[in-house]
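In: Structure of the sequence below:
(one chain, ligands or ions: 1)
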Amino acid sequence: MISVQNVVKIFNGGRPNELRAVREVSLEIGLDQATALVGPSGSGKTTLLSLIGCMARPTSGRIFVKEEEVTSLPERFLAGIRRSTFGFVFQRHNLIKGISVLENVMAPAYPEGEPFPQLRQRALDTLERLNLKQRADAKVEWLSGGEAQRVAIARAMINRPAVMIADEPTAHLDTKLSYDFMSLMKEVKDAGTAVILASHDPIVYGCDLIGRVVELRDGRVVTERNPR
Ligand SMILES: Nc1ncnc2c1ncn2[C@@H]1O[C@H](COP(=O)(O)OP(=O)(O)OP(=O)(O)O)[C@@H](O)[C@H]1O
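Out: Numbering: from 1, shown residues only. Below you'll find the model as predicted:
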């Protein structure tokens, strides 16, 4: 369970350009389901995902990840929780150019200190599951959009996260690749990983994988539905 309690995020606090991106949001997100955050551009989806994923801290309010309060943990502990609990897939994939697919997938696991041959084999197995093993030595800049996204998913999975977070994952994919992405998310969820997605795309939030839809507007939760 991830529990978000009265969370506020203010950017540029106290300045003329102060902006309340998230306003008093309270949410309980079960880790046994897939949740979609929806809402218009600027409604606070990305900001809320970054707070949930321990990439940013709230201005006020509290966040618990699996019963542990993360709100005021020092950065080094937060980084550990981020690495061990969450896998992230970004809209633009954020892969590291100039190194191979395999090296990109292994990179988030280096701080864990796993012996290199074992980690390499695990990364290759992950690539195989995503039908990418033949691309392991390719530089990421050689990949198609769909391949790059599957590499991003493999990288997000390498630390065996409890929660997969994806921000506008289909924004740069065509219709077929968007459905393929949701099939992969179904496999991820069926393997026991919670899935939290932010998206404008009906292919994402209308997918039968999604058990909960949380609609944001102006930084607030305006509706919550359990479509199935
Ligand atoms: N680092 C930042 N500094 C200042 N303002 C920010 C920052 N990050 C986000 N914002 C602002 O906070 C508000 C919420 O942005 P956010 O990216 O969370 O919305 P969103 O719902 O994800 O939008 P989109 O669908 O366009 O990605 C927006 O007005 C945005 O401009």
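In: Just the pLDDT at Met106, thanks.
Out: As predicted, Met106 sits at a pLDDT of 97.
In: in which helix or strand would I find it?
Out: helix 101-106 (DSSP states H and E).
In: Any chance you could list what contacts that helix?
Out: 95-96, 119-120, 123-124, 126-127, 132, 135-140, 143, 151, 154-155, 158 (Cβ atoms under 8 Å, 6 or more residues apart in numbering). Glycine gets a C-beta too; all of them are placed from N, C-alpha and C.
In: From those residues, which land in helices?
Out: Residues from those lying in helices, with DSSP state H as the criterion: Leu119, Arg120, Ala123, Leu124, Thr126, Leu127, Val151, Ala154, Arg155.
In: which among those residues gets closest to the ligand?
Out: Arg155 (21.2 Å; Cβ to the nearest ligand atom).
In: For the closest one, give me its contacts.
Out: Applying Cβ under 8 Å, 6+ apart, the residues near Arg155 are Gly87, Leu95, Asn104, Val105, Ala107, Pro108.
In: Nearest to Gly211 among the residues you listed?
Out: Using Cβ to Cβ, Gly87 comes nearest to Gly211 of these, at 18.9 Å.
In: excluding its backbone neighbours, what's nearest that closest one?
Out: Excluding the flanking residues, the one nearest Gly87 by Cβ to Cβ, 6 or more residues apart in numbering is Ala156, at 3.1 Å.
In: and the end-to-end length of stretch 21-36?
Out: 18 Å (Cα to Cα, to the nearest Å).
In: Closest one of the contacts of Arg155 to Ser199?
Out: Nearest to Ser199 among the contacts of Arg155 is Gly87, at 16.7 Å by Cβ to Cβ.
In: helix or strand for that closest one, which one?
Out: strand 86-89.
In: what are the pairing partners of that strand, and which direction each?
Out: Its sheet considered, strand 86-89 pairs with strand 163-167 (parallel) by DSSP bridges.
In: Tell me the secondary structure of the nearest residue to Glu69 once chain neighbours are set aside, please.
Out: Spatial nearest neighbour of Glu69, chain neighbours left out: Arg62 (6.0 Å); criterion: Cβ to Cβ, 6+ apart. For Arg62, the assignment made with DSSP: H, G, I helix; E, B strand; the rest coil gives strand.
In: Understood, closing this out.
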